[in-house]
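> What follows is a predicted protein model with its sequence.
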Amino acid sequence: MSLIVDNLSVRRGGISVLHEVSMTCRPGQALILRGPNGVGKTTLLRTLTGFIPYASGTATLNGASLSDRDAFQSHLAYTGHSDAIKAQLTVEENIRFWADLHNNSSATDALNAFDLLSLSDRLAGKCSAGQKRRLGLARMLVSNRNLWLMDEPTVSLDAASKDALSAIIKTHLQGGGMALIATHDTDLVEAETLQMTPPPVTWDENAYWDGEPAL
């Protein structure tokens with residue numbers, strides 16, 4: 001299983017926000033997305049998840065095309081700027097919800113990996129920013145997905161939690177998993193780097209605004 005992206009481009013409201021990005025990520029490999037804010041790192045990740053439509057180019061994952069959204073997404077898990085937790089549920093209820101969704105029985109192991117067992121009965125909405133981030137990241141461990149897409153995963157994490165995340169990513173890679181990570185942390189995991197550059201400033205006067213913000 002490999003992720004192969006070829007000349008992937010995205011235009012929002014006639015403006016180019018991702019221009020002809022190409023890359024390959026293979027089993028056991030992590031790829032770090034680098035570049036200044038606004039260069040398109042989040043756009044690339046959200047396009048691969050299917051949240052943002054692409055204008056041109058191709059992407060395949062385990063032979064499934066990005067144009068076949070269900071097949072493509074069945075191989076990946078995504079964690080973004082939002083922690084995607086349910087505030088009215090406890091920490092344990094949150095992770096068990098995701099574990100049950102993915103037919104995974106390792107909810108307790110995921111909580112333990114991110115040092116959340118002592119918070120099992122706390123309402124997620126009452127957790128600190130760092131605790132919410134760890135809970136959001138714990139979803140990756142119960143996803144049963146080979147490719148992890150991670151957007152600034154170390155935000156709100158203390159040093160110990162960053163070390164734990166680094167170890168978890170390394171274990172995922174050692175098991176043949178893959179990771180595509182947008183991060184400014186230079187020591188999260190040893191990996192190749194994709195240096196992204198700003199897209200050319202162009203305008204398509206025939207394009208229309210569809211309500212989706214450029215990210």
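Cool, got the structure. Numbers count the residues shown, from 1 in each chain.
> CA atoms for contacts and neighbours, from now on please.
Fine.
> Strands along this structure, start to end?
3-12, 15-25, 30-34, 56-61, 64-65, 76-79, 147-151, 178-182, 192-195 (DSSP state E).
> What is the neighbour count of the closest residue in space to Thr60 that isn't next to it in sequence?
Excluding its sequence neighbours, the residue lying closest to Thr60 (C-alpha to C-alpha, 6 or more residues apart in numbering) is Ile4, at 5.3 Å. By the criterion of other C-alpha atoms under 10 Å, Ile4 has 17 neighbours.
> Check the gap between Ile4 and Ser67 for me.
13 Å (C-alpha to C-alpha, to the nearest Å).
> what do you get for Val142?
26 Å.
> Which residue of these two possesses the greater neighbour count?
Using other C-alpha under 10 Å as the criterion, Val142 and Ser67 rank with Val142 on top: 25 against 15.
> so what's Arg133 up against?
83, 153, 155-157 (C-alpha atoms under 8 Å, 6 or more residues apart in numbering).
> For the residue nearest to Thr60, list each beta-bridge partner.
As for beta bridges, Ile4 partners with Thr24, Thr60 under DSSP bridges.
> my guess is it meets Gly57, correct?
No: in this structure Ile4 lies outside contact range of Gly57 using C-alpha atoms under 8 Å: 10.9 Å.
> burial of Asp68, as a residue count?
Count around Asp68 with other C-alpha under 10 Å applied: 11.
> tell me what the top helix by length along the chain is packed against?
Longest helix in the chain by number of residues (criterion: DSSP state H): helix 159-174. Counting contacts by 3 or more C-alpha pairs under 8 Å, 6 or more residues apart in numbering; DSSP states H and E, helix 159-174 is packed against strand 178-182.
> The strand it packs on pairs with which strands, and in what direction?
strand 30-34 (parallel), strand 147-151 (parallel).
> Buried deepest among these, which one?
strand 147-151 (a mean of 25; mean count of other C-alpha atoms under 10 Å).
> Can you dump the C-alpha atoms of that strand in CSV for me?
Extracted in CSV, the C-alpha atoms of strand 147-151 (Å, rounded to 0.1, in the frame of the first residue of the first chain):
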residue,chain,number,x,y,z
LEU,A,147,-2.4,6.1,6.6
TRP,A,148,-2.5,8.8,9.3
LEU,A,149,-3.0,12.4,8.1
MET,A,150,-2.0,14.7,11.0
ASP,A,151,-2.3,18.5,11.0
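> Please parse this protein into its domains.
The chain breaks down by automatic domain parsing into domains covering 1-75+146-215, 83-138.
> Low-confidence regions, this structure specifically.
Applying pLDDT under 70 to the chain flags residues 202-215.
> Can you tell me how far Ala55 is from Ser22?
Taken as C-alpha to C-alpha, the span from Ala55 to Ser22 is 14 Å.
> What about the contacts of Arg133, which one has the most neighbours?
Pro153 (24 neighbours).
> And that residue, how far from Leu180?
Pro153 is 11 Å from Leu180, by C-alpha to C-alpha.
> what's the answer for Leu135, then?
20 Å.
> Comparing those two, which shows the higher neighbour count?
Leu135 (25 against 22).
> Tell me who's in contact with the more buried one.
83, 85, 91, 95, 111, 114, 116.
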